[in-house]
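Undergrad: kindly return the folded structure for what I paste below:
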Amino acid sequence: MCGKLVTVILPAYNEEDNIQRASQTIAFVLEQENINYELLFVNDGSKDGTWEKILAEASKNSRVRGVSFSKNFGKESAIFAGLSEARGDCCAVMDTDLQHPPEKLVEMYRLWQQGAEVVEGVKASRGKESAAHSFAAKCFYRLISRAVGIDMSRASDFKLLDRKAVNVLLTMREKHVFFRALSSWIGFKTAEVEFEVADRAAGTTKWSTWSLVKYAVRNIASFTSLPLQIITFLGILVLIVSVVLGSIALYQKAVHTALDGFTTVIVVLLFIGSIIMISLGCIGYYIAKIYDEIKGRPRYIISEKCGK
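TA: Predicted coordinates for the structure are as follows:
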């Protein structure tokens, strides 16, 4: 097997049922095309037998390596750990559950050979998801698309990056990162490969509704100041409403038609109070993120490694 090396990074959290299948399937696809590769599994503090499965695959295939976190640090941290540990001339990132089709790696690799420096895997559709999930995802990606200046409505973590792009990403020291957007934000010569989201090969999704909400909030805060701009807009809106209501009240007072306005006062106070509390919460969240960053703690801690 010859040619430049591609490192395939596979973040894994409680994926013991998928490790062997992913390792063997991806290896088969790449070997069929005579592509020089290594598989790098990143165990994100799994509570099942994921790490043991990775060790078993590494003992059977010298092209399989693994790193294991001391605890669960999250998918973004696992991706960046993989980028840091990768030896390849280019790096691909894909899901261990094989919802990202392995055969598309070949197409991505060929585009990279032709000069593309970032190859984006874009979803032909969002797969099977509820209407509420689909609506929330559209709102989230609309916000992120505005921040990045690129349409991210079909974006995914399934990408292939040239070593040059990987090195740029690794220079970005912020703890809270959003790989999906950041890899588009850095620029470089970009190509796209469309894919259908496959059903999970085994196991169940690790994303609950609440974890998806937290993921969206964290990534919006880490990548854009738009929520703070919305607060400014709401402040201006409340000011306009207050001026209008105040003018009406003064006019009614002047012409002696003013009515008892206890209910109106209560409603206005509750409205303004709600805006103030939401604003303070949003500002407080950004301040907490700043505090988290300046502590300088690492994105992840590696406890074990395996493979050659």
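Undergrad: next, give phi and psi for residue 67.
TA: phi -130, psi 150 (degrees, to the nearest 10).
Undergrad: if you could redo that for residue 77, that was the one I meant.
TA: The phi/psi pair for residue 77 (degrees, to the nearest 10) is phi -60, psi -40.
Undergrad: count residues in the vicinity of it, would you?
TA: Look at residue 77: counted by other C-beta atoms under 10 Å, it has 23 neighbours. Heads up, the C-betas are built off the backbone N, CA and C, glycines and all.
Undergrad: how far away is it from residue 13?
TA: 11 Å (C-beta to C-beta, to the nearest Å).
Undergrad: overlap of the contact sets of the two?
TA: residue 44 (C-beta atoms under 8 Å, 6 or more residues apart in numbering).
Undergrad: for residue 63, which non-adjacent residue is spatially closest?
TA: What sits nearest to residue 63 in space, not counting adjacent residues and going by C-beta to C-beta, 6 or more residues apart in numbering, is residue 38, at 5.0 Å.
Undergrad: can you name the residues bridging to that neighbour?
TA: When bridges are called by DSSP bridges, residue 38 pairs up with residue 7.
Undergrad: what about the helices in this protein?
TA: 19-32, 50-60, 75-85, 104-113, 131-148, 163-170, 179-185, 209-223, 226-254, 262-294 (DSSP state H).
Undergrad: what sits against residue 107?
TA: Counting by C-beta under 8 Å, 6+ apart, residue 107 has contacts residue 193.
Undergrad: how does the protein divide into domains?
TA: Listed domain ranges for the chain are 6-205+302-306, 226-294 (source: automatic domain parsing).
Undergrad: averaged pLDDT, the shortest one. What do you get?
TA: Across domain 226-294, the average pLDDT comes to 71.
Undergrad: centre-most residue in this protein?
TA: residue 178 (4.5 Å; C-alpha atoms, centre = their mean).
Undergrad: ok, now how distant is that one from residue 29?
TA: From residue 178 to residue 29 the distance is 28 Å (C-beta to C-beta).
Undergrad: what's stretch 61-70 in contact with?
TA: Contacts for stretch 61-70 (C-beta under 8 Å, 6+ apart): 23, 27, 37-45, 51, 54-55, 57-58, 77-78, 81-82, 85, 300-308.
Undergrad: now it - C-alpha only, PDB.
TA: Taking Å, rounded to 0.1, in the frame of the first residue of the first chain, the C-alpha atoms of stretch 61-70 are listed here in PDB:
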ATOM      1  CA  ASN A  61      -4.400  -4.600  12.800                       C
ATOM      2  CA  SER A  62      -1.200  -2.600  13.000                       C
ATOM      3  CA  ARG A  63      -2.900   0.300  11.300                       C
ATOM      4  CA  VAL A  64      -5.300   0.800  14.200                       C
ATOM      5  CA  ARG A  65      -4.400   3.100  17.100                       C
ATOM      6  CA  GLY A  66      -6.400   4.400  20.000                       C
ATOM      7  CA  VAL A  67      -6.300   7.000  22.700                       C
ATOM      8  CA  SER A  68      -8.500   7.000  25.800                       C
ATOM      9  CA  PHE A  69      -9.700   9.900  27.900                       C
ATOM     10  CA  SER A  70      -9.600   9.900  31.700                       C
END
